[in-house]
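Student: Here is my input, please return the structure:
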Amino acid sequence: MNSLKPYVLFLILILIPFFSNSFFVFVNSITSFSSSSSDNEYTTFFDAITSFNSKSSLNAGKNKTSSSSSSSRAPSSSCKVWDVTCSEAVLGLSRNPENVEWIKGLRRKIHENPELAFEEYETSKLVRAELDRMEIEYRYPLAKTGIRAWIGTGGPPFVALRADMDALPIQEAVEWEHKSKVSGKMHACGHDAHVAMLVGGAKILKNREHLLKGTVILIFQPAEEAGNGAKRMIEDGALENVEAIFAVHVSHEHATGIIGSRPGPLLAGCGFFRAVISGRKGLAGNPHHSVDPILAASAAVISLQGIVSRESNPLDSQVVSVTSFNGGNNLDMIPETVVIGGTFRAFCNTSFYNLLQRIEEVILEQASVFRCSATVDFFEKESTIYPPTVNDDRMYEHVKKVATDLLGPPNFRVVPPMMGAEDFSFYSEMVPAAFYYIGVRNETLGSIHIGHSPYFMIDEDVLPFGAAVHASIAERYLIEHG
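Tutor: Residues are numbered from 1 along each chain as shown. Next up, the predicted model:
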């Protein structure tokens, strides 16, 4: 019997660690369950994303063995094939407290000093200073104040990310510490956030440059609001070698951090017209001695409404709106000329340019019916015609995949088309492209007002996530197309 004691002692020494470890795992699981069940709702978008990626990491590791200390280390992956550790690495960089404060500070500097179309000199200077600090090469100027920067191998494939830089001629009505310092000018459409997110994305990509399988082109573009800066950037070589391009716009339609897009037409083509209808001036009491342009202009306005209602496919959304009618102020005189004007919009190029043609035909013909003459100006020399923004199906799927993997399936939405217009459409006519929205709506902060409102503001918590989405879209594109 005594001869068995050494063996029994040996077995006890082996089994003690096993049972003790199981006990601690059991206790830990109870604690975790209790903690999670007591807090069913995430307090911030940061918490929601952290939880989603933690769950993804656990699920991804079910069939793998790992040491207990692995969770405390930064995720390591070559990212030859994108996986959850790649998403975690990008999100980790974007959520770094120093980076969060830096990107918010950058946006606030731009917000305080808004600049209108083709006047973005200080904004461009600030961006170039950040690129210099990160040792990112760039070419400047394009389109007067624009920048084309690049990160990666310098070779193909080439994928582009774009941000617009210009502000609006609006007096800011939001009272806060970083209110616009320039009277009558304001970043009322979120372009300050667009720039900050792209510079933030550049910082992430530069940190991961050794993993890039090609080249990311960063396009900082002037004059989206007026002047078709995109068209000028293309003329100056912004899309040289580029195979695909992506861009984001903040949206108050969606809660902070929600990504929204759709395949095909997303934003309408937009144009403006101004028509001068000329007759012969005369006293209103003797109309037979005049040729009345008011009557001709009125007939033209009525007839223009028939283009969409009677000539267009009801399933093909189009708009023709007359928004201006000016015949002078003399109540006792038939004027010599009447000026009318308005806008037209459509979701496909064929319909858009058909509207342009029919608007001109209707105005000219209606003027002649009433013995008047007319001219129609579509401001083509002023570059106010924006084609429809149409998302390439494959590029849309890429955005959807990246957003879903990075932020979780609940944080991606398929959105309806909108009648707004964007000069990103010029890029989408040249190369496969995808345009998407990122939500900034936060009722607690008052971030509820649409673009071009003097009360416009954003939830700045979106900035690091916008940067992470930018970086992930570009890096994953290079992995999959390299």
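Student: for the chain, what spans make up the helices?
Tutor: Secondary structure of the chain (DSSP state H): helices located at 5-37, 45-60, 84-95, 97-112, 121-133, 191-207, 229-235, 293-311, 349-369, 393-407, 425-430, 462-481.
Student: Which residue, other than its chain neighbours, is closest to K400?
Tutor: Once flanking residues are discounted, K400 sits nearest to F412: 5.9 Å by Cβ to Cβ, 6 or more residues apart in numbering. Using the backbone N, CA and C atoms, a C-beta is placed for each residue, glycine as well.
Student: check contacts around that neighbour.
Tutor: Going by Cβ atoms under 8 Å, 6 or more residues apart in numbering, F412 touches I258, I259, G260, K400, A403, T404.
Student: Going by neighbour count, which of those are buried?
Tutor: Neighbour-count burial within the contacts of F412 applies to I258, I259, G260, K400, A403; the criterion is 16 or more other Cβ atoms under 10 Å.
Student: ok, now which ones touch the spatially closest residue to R280 that is not a sequence neighbour?
Tutor: With sequence-adjacent residues excluded and distances taken as Cβ to Cβ, 6+ apart, R280 is closest to V291, at 4.0 Å. Applying Cβ under 8 Å, 6+ apart, we find V291 in contact with G279, R280, G282, F370, R371, C372.
Student: Give me the number of neighbouring residues for the nearest residue to the third one once chain neighbours are set aside.
Tutor: Spelled out, it's G282. Once flanking residues are discounted, G282 sits nearest to S290: 2.7 Å by Cβ to Cβ, 6+ apart. Residues lying near S290 (other Cβ atoms under 10 Å) number 18.
Student: now the one 10 residues further on
Tutor: By other Cβ under 10 Å, the residues close to A300 number 28.
Student: swap in G271?
Tutor: For G271, using other Cβ under 10 Å, the count is 23.
Student: you'd agree it is up against L356?
Tutor: Yes - assessed by Cβ atoms under 8 Å, G271 is found in contact with L356 at 6.1 Å.
Student: what is in contact with the two at once?
Tutor: Common neighbours of G271 and L356, using Cβ under 8 Å, 6+ apart, are F344, F378, I385.
Student: which ones are touching the second one?
Tutor: Spelled out, that is F378. F378 neighbours (Cβ under 8 Å, 6+ apart): G271, F272, F273, L356, E360, T384, I385.
Student: Across the sheet, point out what pairs with the second one.
Tutor: Here F272 sits in beta bridges with T343, as judged by DSSP bridges.
Student: Please read off the pLDDT at the spatially closest residue to G190 that is not a sequence neighbour from the model.
Tutor: In space, and not counting its chain neighbours, G190 is closest to V250: 3.7 Å by Cβ to Cβ, 6+ apart. Each residue has a pLDDT score; the one for V250 is 98.
Student: can you check the one 4 residues further on too?
Tutor: Note on H254: pLDDT of 97.
Student: can you count the residues close to the residue lying closest to it once chain neighbours are set aside?
Tutor: For H254, ignoring the flanking residues on the chain, the nearest one in space by Cβ to Cβ, 6+ apart is G439 at 3.0 Å. A count of nearby residues for G439, using other Cβ under 10 Å, gives 24.
Student: Among the contacts of F378, find the lowest-pLDDT one for me.
Tutor: Among the contacts of F378, T384 carries the weakest pLDDT, at 81.
Student: Next, the contact list for the residue nearest to that one when sequence neighbours are not counted, please.
Tutor: Distances taken as Cβ to Cβ, 6+ apart place F272 nearest to T384, at 5.3 Å, with adjacent residues excluded. Taking Cβ under 8 Å, 6+ apart, we find F272 in contact with G341, G342, T343, F344, F378, F379, T384, I385.
Student: and of those, the nearest to L445?
Tutor: When those are ranked by distance to L445 (Cβ to Cβ), T343 comes first, at 32.8 Å.
Student: For L356, see how far away that closest one is.
Tutor: To L356, T343 is 11 Å away according to Cβ to Cβ, to the nearest Å.
Student: Those two - which one has more neighbours?
Tutor: Set side by side, T343 and L356 show more neighbours around L356, with 19 against 16, by other Cβ under 10 Å.
Student: That one against G269, yeah?
Tutor: No - look at L356 against G269 with Cβ under 8 Å: they stay out of range, at 9.5 Å.
Student: who touches both of the two?
Tutor: I385.
Student: which stretches of the chain have low pLDDT?
Tutor: 1-77 (pLDDT under 70).
Student: Swap in 90 and give it another go.
Tutor: Filtered on pLDDT under 90, the chain yields the residue ranges 1-78, 226-228, 380-384, 482.
Student: show me what contacts the residue nearest to N391 when sequence neighbours are not counted?
Tutor: Excluding the flanking residues, the one nearest N391 by Cβ to Cβ, 6+ apart is A434, at 4.8 Å. Residues in contact with A434 (Cβ under 8 Å, 6+ apart) are A244, F246, S261, N391, D392, M395, Y396, H398, V399.
Student: ok, what's across the strand from A434?
Tutor: Here A434, judged by DSSP bridges, has bridge partners F246.
Student: That one and V402: what is the separation?
Tutor: 10 Å.
Student: hmm, back to that, H398 versus the residue nearest to N391, what's the distance?
Tutor: On the measure of Cβ to Cβ, A434 and H398 end up 7 Å apart.
Student: Pull stretch 141-151 out as CSV, backbone CA atoms only.
Tutor: Output of stretch 141-151 as CSV, limited to C-alpha atoms (Å, rounded to 0.1, in the frame of the first residue of the first chain):
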residue,chain,number,x,y,z
PRO,A,141,-1.3,72.6,-57.0
LEU,A,142,-4.0,70.9,-59.1
ALA,A,143,-7.1,73.0,-60.0
LYS,A,144,-5.6,76.0,-58.2
THR,A,145,-5.6,74.7,-54.6
GLY,A,146,-6.0,70.9,-55.0
ILE,A,147,-3.6,68.2,-53.9
ARG,A,148,-2.8,64.7,-55.2
ALA,A,149,-0.9,62.6,-52.7
TRP,A,150,0.1,58.9,-52.7
ILE,A,151,1.0,56.1,-50.3
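Student: How far off centre is it?
Tutor: Relative to the mean C-alpha coordinate of its chain, stretch 141-151 is positioned 19 Å out (Cα atoms, centre = their mean, to the nearest Å).
Student: hmm, back to that, and which of the contacts of F272 is nearest to S309?
Tutor: F344 (13.7 Å).
Student: what sits against that closest one?
Tutor: Counting by Cβ under 8 Å, 6+ apart, F344 makes contact with C270, G271, F272, F273, Q318, V319, V320, S321, F352, L355, L356, I359.
Student: Can you add distance to L131 and give those back as a markdown table?
Tutor: Supplementary listing: the contacts of F344 in a markdown table, determined by distance: Cβ to Cβ, whole Å:
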| residue | distance to L131 |
| --- | --- |
| C270 | 32 |
| G271 | 36 |
| F272 | 36 |
| F273 | 41 |
| Q318 | 42 |
| V319 | 40 |
| V320 | 44 |
| S321 | 42 |
| F352 | 37 |
| L355 | 42 |
| L356 | 40 |
| I359 | 44 |
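Student: Tell me how far G327 lies from V369.
Tutor: 18 Å.
Student: Kindly apply the preceding question to P287 instead.
Tutor: Taking Cβ to Cβ, one finds P287 at 16 Å from V369.
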